[in-house]
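In: quick check, what structure comes out for this input:
(chains A and B)
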Amino acid sequence: DTGVSQNPRHKITKRGQNVTFRCDPISEHNRLYWYRQTLGQGPEFLTYFQNEAQLEKSRLLSDRFSAERPKGSFSTLEIQRTEQGDSAMYLCASSLSQVVWTEAFFGQGTRLTVV
Amino acid sequence: AQRVTQPEKLLSVFKGAPVELKCNYSYSGSPELFWYVQYSRQRLQLLLRHISRESIKGFTADLNKGETSFHLKKPFAQEEDSAMYYCALAPSQGGSEKLVFGKGTKLTVNP
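Out: Here you go, the predicted model:
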């Protein structure tokens, strides 16, 4: 499968623990996005990178959340001191930035459950 | 503020019947509108975008700027169309810097 890959697929953690998710985009894609999806809602934008630069962050991304894309390839999303409200599906997407619009391809997501 | 509203959480039709999934948006500029689909146990994928004016899997959607709507239509629904459908808006021209999604409509096509 040469699409966007996310690991792990599922994560159960105790409240207060830190968790880290990984996203491997499609190899030639220079844009990478993180979204969060809670039950009954559509995906909500968290942040995006163009190459290694983090260009935009949503207000949803509290100071407990940090995302990196150190070499402009894979990205990690870390949540510190998890809370039950962080339970959600975390989606990653990637696209190729060009003058004309290009599609964003989504991964299958990481489902986080905070107990 | 950018907002996408999908008024129907659930929609159920019989095979062969026409289907329309409603989407209204709120945006002050010229948005790009999309429909994404998620089949059971699969990832979210693009179905169609307004700018291409394509028909994908028999689905079409017309952007109505006067009514700020982008409803998805198919004249004859098939069982394999059963899925979750999300309408989405991109605030910028020419790139999906971020997408604003509606809450989604679950379409069930009954035999």
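In: now do the contacts for the residue in chain B positioned nearest to chain A.
Out: Taking C-beta to the nearest C-beta as the measure, the point where chain B comes nearest chain A is residue B:101, at 3.1 Å. Any C-beta I mention is one placed from the backbone N, CA and C, and that applies to glycine too. Residue B:101 is in contact with A:42-44, B:4, B:36, B:86-88, counting by C-beta atoms under 8 Å, 6 or more residues apart in numbering or on different chains.
In: over to residue A:18?
Out: Per C-beta under 8 Å, 6+ apart, neighbours of residue A:18: A:78-82.
In: ok, the residue lying closest to residue A:16 once chain neighbours are set aside - how many residues close by?
Out: Closest residue in space to residue A:16, ignoring its immediate chain neighbours: residue A:81 at 5.6 Å, by C-beta to C-beta, 6 or more residues apart in numbering or on different chains. Residues contacting residue A:81 under the criterion other C-beta atoms under 10 Å in any protein chain shown number 10.
In: which residues in the chain form strands?
Out: I'll assume chain A. Under the criterion DSSP state E, chain A carries strands at the ranges A:5-7, A:10-13, A:19-24, A:31-37, A:44-50, A:53-57, A:65-68, A:75-79, A:88-95, A:105-106, A:110-114.
In: to clarify, I was referring to chain B.
Out: Using DSSP E, strands in chain B cover B:3-5, B:10-14, B:19-21, B:24-26, B:32-38, B:45-49, B:60-61, B:72-74, B:83-90, B:100-101, B:105-110.
In: cheers, nothing more for now.
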